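Student: Got a predicted structure here, sequence first:
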Amino acid sequence: MITLKVNGESHELDVSPEMPLLWALRDRLHLTGTKFGCGKAMCGACTVHIDGQAARSCSIMVGEAAGKTITTIEAVSGKVAEAVTQAWQRLDVVQCGYCQSGQIMSAIVLLTGNKAPSDEDIDLSMEGNICRCGTYVRIRHAIHEAAKSLA
Amino acid sequence: MSTSNLANPAAQAAFDASRRDFLKSATVAAGAFVLGAYVAFPDFANAQGGAPQGPYDPNLFLKIGADNSVTVLSKHFEMGQGATTGLATMVAEELGADWSTVRFEFAPSDARIYNNLLFGPLMGTGGSSSMAESWEQMRKVGAAARMMFIAAAAQKWNVPGGEIVVEKSVVIHSPSGKKANLGELAAEAMHMPVPKDVTLKPAKDWNLIGTKLPRLDTPGKTTGKAIFALDITRPGMLTAVLKRPDRFGGKVASFDATDAKKVDGVVEVVQVPAGVAVLAKDTWSAMRGRDALKVTWDDSSAEKRSTAEMLEQYRQMMKQPSISAEGRGDAAAGLTRAAKTVEAEYTFPYLAHAPMEPMNGVIELHSDGAEIWSGSQLQTLDQMVAAQFLGMKPEQIKINTLLGGGSFGRRASTTADWTAEMAQVVKAINGRAPVHVVWTREDDIRGGFYRPMVMHRVKAGINGSGEISGWQHTVVSKSIFKGTGLEAMAMKGGVDNSMIEGIVDTPYAIGNMAVDIRYIETPITVLWFRSVGNTHTAYVMETMLDELAHLAGKDPVALRLSLLTKQPRHAEVVRLAAEKSGWGQSMGEGRGRGFAFHHSFNTSVAMVADVSTKAAKLKVERIVAAVDCGVAIDPDVVTAQIEGAIGFALSIALRNQLTFKDGMVEQSNFDDYEPTRMREMPKVEVHIVKSTERPTGIGEPGVPPLAPAIGNAIAASTGKRLRSLPLNLSTLA
C-alpha cells in the first residue's frame, strides 16, 4: 500500500511503487484533468504541483511521490491560481484544450515565484509545455495579464 | 479533410453547386427541427433517453429548458477550431438568446439529421466547412424557434405577434408591458406550429455575429473538467495497447505472450487484424504488457526502403509517363518564348499530425448494438467501419462524440483505422468487457496516416516584359484517396486533386500552365493533414512566384497584384497584409521580409514574415497576416485560428519530418519530432477584412502561407533559395 496525498486528501493505493504518478491519478483516483501526452516528460500535459513545484507526473513514480503534497488542476487554488485561470478564460486562450491543464499549472508556479515575468522568463518557464494548436501568443498574453491583476 | 477533395476538380463550382443542395437540405432540416420530427424519427427520442425532456424540447438542434438554458446540439466535432461556439452563435443570434445562458452538447451520430450539407449523406467535420455548410441551417433553427416563442406569447397575452420581440432571452410585448423569459414560455412554445418560412435578420441587426463572445468550451478546458475520450471509464473496462507492425505492410507471423501475461494487471493477449492487443486493468499495465510481448513479423510485402531510396524513386518517376491534370493555354510554347526560365525540384517529407491527445476510444457491446466514446470527426464512416467488423448495421453503432484533443485531420481517417481497431479488439474478447484502445505517443508518430512525402518539379519562365509566359508543374506523391473507399467520390478522371489543389485552381492569372501527376505506390499509409495538399503546393507556388518576381526585377507584392486584377477580394487581402506590415521598408543586414498569399477552403490569407538569419540561425520574429473568410462569425476565433495555424505550421517549416531507415520510421516522440515551443513563437498580428459575404473556412487556411512567407524572407535576407521543407539554413552554401 502506498499513501498519496492528493488535493488535501490521503489515498491508500494498492499499486506498484513504479507506477507513474500520472496513471495513479488518472486510472485509480479518476482525476482526469491531468493529461497523458508523451510519457517522457517532453510535453508537459501531465504537469502537477508536488510540494509547490511543477512536476511531470508521467515521469515520477508513485513511490517517489508518496508522502509529498500533490495538487492537480482540479483543486489548485489561491490568488495566483485564480488570476491565471481568469486570464485564461478572459482571453479565450484554449483551442483543443488538451494541453491547457499543464500550461495553467506551469504558469501558476511561474507567477508564484516571479510576480512580473519578462518574455524571456516566460520562454524559460513554459519551455516544457507543448501546445500543438499553437496558442502560445495567448498563453504569453494571459501570463502577463495575470501578473498585472496580481500586482 | 478537404472539401475540395470531395467536390473537385473545380472547387468553386463545386462549392456553388453544394450551396444549391444546401438550400434544399436546409429546408428539410428546418422542417426536422420541429416537433413533428418525433413522428418522423421515433427512435431518436429513445436514443436521447426517452420522451422529450423539459417543457420545450424540439431536441434536434436546440433544447430550451424551464431554467431558461439554451442548449445547441452541435452536429460538428470540436477539436479546438471553435465550431461549437460558432454554431451556437448562429442559433442564438436568430433566437434572440442571452449568450450567458447558451450551452452546447454534441449531437447523436445520426446522419439523417446531422449530415454535413457539403459532404452529402455523411455526418462529419472537415474541409474547414462547418460554418459555411451550416450558415443558413443554424440561423433558420434559431429563427424558427423565435417565431414559435412569439406565437406562444401572442396567444397567451392575446396581443398581435408583430408587436413582440425577443431580446436577451426575454420575450417582450412593449405596448402592454408584458414580458416572460424563454424558459417560462417553453411549454407553450413547443406546441406552436413550426413556421414553414423564416426570415433571417439582415447583417445590420446582428448583435452576436461579428462580435467576440466567450467560447463555450473555455470553462471546462481551464478547470480540468472538460472530458476527452481518454478520460472515459466504463464499469469493468479493460485498456488495450496494441503492438502494430514495425514496418508498413508487415503482418504478424507469430507471437509469444508468455512474458506479457506475467505483467501484473494484464488480463489477455489477442491477435487482431491490426496486430496484437494486450488487454489490462489499467493503462500502465497494458503498456508494460505490450513492452513484454514478443512478435515475429512477416515483412514479405512490407516497405523496407530508406528515405534516400524513396526519393530516388520519386526522381525516376518524374521521367515516367504521367497523368495530365488540368492545364491552361500552352505551357510548352510559353516556355519556348520565355526570355528567362527557372527550373527547380522541391521535396516535402512525411509528417505525423501528432495531436496532443493520442488516438484512443472506448467501445462497449450491447445486446442490440455497440456504443463508442471517441473524438469522432467522421461519425458516419466510424459507424460504417465499426459495423463492418462487428457484423452489425451502421445505425446499430452509437457514437458519443467527445471533445478532441487536437486532430489536424488524424481523427478523420479514410479507413477509420483507429475505430476499426476498437471493433476488432472488443470482438476478439467477444464483447465481454468494454475496451479502451489507447495509443502511446510512439504509436502515434510511427502509426502512419501521414501527410505523404511529395516531390514537385517546376519549370517557369518570364517574357521580355517580365510577364509569366509558361509554367510546367509535375507532382509525385502517394495518393490519399486511391485505393480507399472514398476513391470513387473524390477522384475524377483518375486525378487525385488533393495533390495539386492550390496549383490547378490558383487564382493568379497565369495563362499557360500544365500540371501533371504521378502516383507512388507504397504500403505507408497517408492521409489529409491540416490544409491537405496546400501544405506543399502553397510553398512551391509562392516561392516560385517570388523567384520569378526577382528574375523580372519586380516587387513580389506588385507582381501578385498584377496577377489578381480580376480577383478584387484576393487583391484586397494582399494589399492589407502589405500595408499593415510596412512592406517595402529596409530590413538591414542579416534580416529579411517575405510575402506569401494563398487561397484555400474559399478563404484568402496573406502573410508577411520578418526573419533574422544572423550567424546562420533562423529566427522568425514577426508574422503579419490578413484574412478574408467572409463573415467572421466570431472575429476572435478567426484571429485565434490564424495565430494557432502559424504556431502549427511553424513546426513544419522549421523542423518536423519523418524519415525511414530500412522501412522503419526513425522518429518516435516529441524529442525527435518536436512541435513548436513557446520561445520560437513569433509576434503575430492578424487583420480581418470586414465582410458580409457568406462565411468560408478558417481552421485550415492559415497553414499554407506561413512556410513560403518564411522561405521568401530567407531569400530576401540571404539571396538564396531553400526549396525543401523543413527549412535548413545549413544547406545554404
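Tutor: On my side now, so go ahead.
Student: distance between stretch B:548-555 and the chain's centre?
Tutor: Relative to the centre of its chain, stretch B:548-555 is centred 35 Å away, using C-alpha atoms, centre = their mean, to the nearest Å.
Student: check contacts around A:Cys46.
Tutor: A:22, A:34-37, A:56-58, A:102 (C-beta atoms under 8 Å, 6 or more residues apart in numbering or on different chains). Glycine gets a C-beta too; all of them are placed from N, C-alpha and C.
Student: How about B:Ala549?
Tutor: B:555-556, B:558-559.
Student: Can you classify it by secondary structure?
Tutor: What DSSP: H, G, I helix; E, B strand; the rest coil gives for B:Ala549 is helix.
Student: how close does it get to B:Asn712?
Tutor: 9 Å (C-beta to C-beta, to the nearest Å).
Student: tell me, what's touching these two both at once?
Tutor: B:Pro556.
Student: Could you export the host helix or strand of A:Val80 as PDB, CA atoms only?
Tutor: According to DSSP states H and E, A:Val80 maps onto helix A:79-90. The C-alpha coordinates for helix A:79-90 follow below in PDB (Å, rounded to 0.1, in the frame of the first residue of the first chain):
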ATOM      1  CA  LYS A  79      -4.800  34.100  -5.500                       C
ATOM      2  CA  VAL A  80      -2.300  33.200  -8.200                       C
ATOM      3  CA  ALA A  81      -4.300  30.200  -9.500                       C
ATOM      4  CA  GLU A  82      -7.400  32.300  -9.600                       C
ATOM      5  CA  ALA A  83      -5.700  35.100 -11.500                       C
ATOM      6  CA  VAL A  84      -4.200  32.700 -14.000                       C
ATOM      7  CA  THR A  85      -7.500  30.800 -14.600                       C
ATOM      8  CA  GLN A  86      -9.400  34.100 -15.000                       C
ATOM      9  CA  ALA A  87      -6.800  35.500 -17.500                       C
ATOM     10  CA  TRP A  88      -7.000  32.200 -19.500                       C
ATOM     11  CA  GLN A  89     -10.800  32.500 -19.600                       C
ATOM     12  CA  ARG A  90     -11.000  36.200 -20.400                       C
END
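Student: what's the angle between whichever helix or strand comes after that helix and helix A:79-90?
Tutor: Note on helix A:79-90: by DSSP H and E, the next helix or strand toward the C-terminus is helix A:100-113. Angle of helix A:100-113 versus helix A:79-90, following axes from the mean of the first three to the mean of the last three C-alpha atoms, to 10 degrees, is 130 degrees.
Student: Packing partners of helix A:100-113?
Tutor: The contact analysis (3 or more C-beta pairs under 8 Å, 6 or more residues apart in numbering or on different chains; DSSP states H and E) places helix A:100-113 against strand A:47-50, strand A:53-56, helix A:79-90, helix A:119-125, helix A:136-150.
Student: JSON lines for the contacts of B:Ala549, including distance to A:Asp14, secondary structure and neighbour count?
Tutor: Listed next are those as JSON lines, based on distance: C-beta to C-beta, whole Å; DSSP: H, G, I helix; E, B strand; the rest coil; neighbours: other C-beta atoms under 10 Å in any protein chain shown:
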{"residue": "B:Asp555", "distance to A:Asp14": "71", "secondary structure": "coil", "neighbour count": "16"}
{"residue": "B:Pro556", "distance to A:Asp14": "66", "secondary structure": "helix", "neighbour count": "24"}
{"residue": "B:Ala558", "distance to A:Asp14": "72", "secondary structure": "helix", "neighbour count": "14"}
{"residue": "B:Leu559", "distance to A:Asp14": "70", "secondary structure": "helix", "neighbour count": "22"}
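Student: Next, count neighbours for B:Ser586.
Tutor: By other C-beta atoms under 10 Å in any protein chain shown, 6 other residues sit near B:Ser586.
Student: Looks to me like it is in a helix.
Tutor: No. Counting by three-state DSSP, B:Ser586 is not part of a helix but coil.
Student: Can you tell me which helix or strand of chain B has the lowest average pLDDT?
Tutor: helix B:37-40 (a mean of 24; mean pLDDT, DSSP states H and E).
Student: quick one: buried residues of the top helix by length along chain B?
Tutor: Longest helix in chain B by number of residues (criterion: DSSP state H): helix B:130-157. Within helix B:130-157, the residues that qualify as buried by neighbour count (16 or more other C-beta atoms under 10 Å in any protein chain shown) are B:130-154, B:156-157.
Student: One more: stretch B:264-283?
Tutor: B:265-272, B:274-283.
Student: Tell me if I'm right that B:Leu727 and B:Ala653 touch.
Tutor: Yes. At 5.6 Å, B:Leu727 counts as touching B:Ala653 under the criterion of C-beta atoms under 8 Å.
Student: re the thing from before, save the contacts of A:Cys46 as CSV, and put in pLDDT and neighbour count too.
Tutor: Shown next, in CSV, are the contacts of A:Cys46 (pLDDT from 0 to 100; neighbours: other C-beta atoms under 10 Å in any protein chain shown):
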residue, pLDDT, neighbour count
A:Leu22, 98, 25
A:Thr34, 98, 24
A:Lys35, 98, 29
A:Phe36, 98, 26
A:Gly37, 98, 30
A:Arg56, 98, 26
A:Ser57, 98, 29
A:Cys58, 98, 25
A:Gly102, 98, 29
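Student: which among the residues you listed gets closest to chain B?
Tutor: Relative to chain B, the closest of the contacts of A:Cys46 is A:Gly37; by C-beta to the nearest C-beta it sits at 5.3 Å.
Student: for the closest residue to the closest one other than its chain neighbours, what are its contacts?
Tutor: Spatial nearest neighbour of A:Gly37, excluding adjacent residues (C-beta to C-beta, 6 or more residues apart in numbering or on different chains): A:Ala45 at 3.3 Å. By C-beta under 8 Å, 6+ apart, the residues touching A:Ala45 are A:34-38, A:98-99, A:101-102, A:129-130, B:356.
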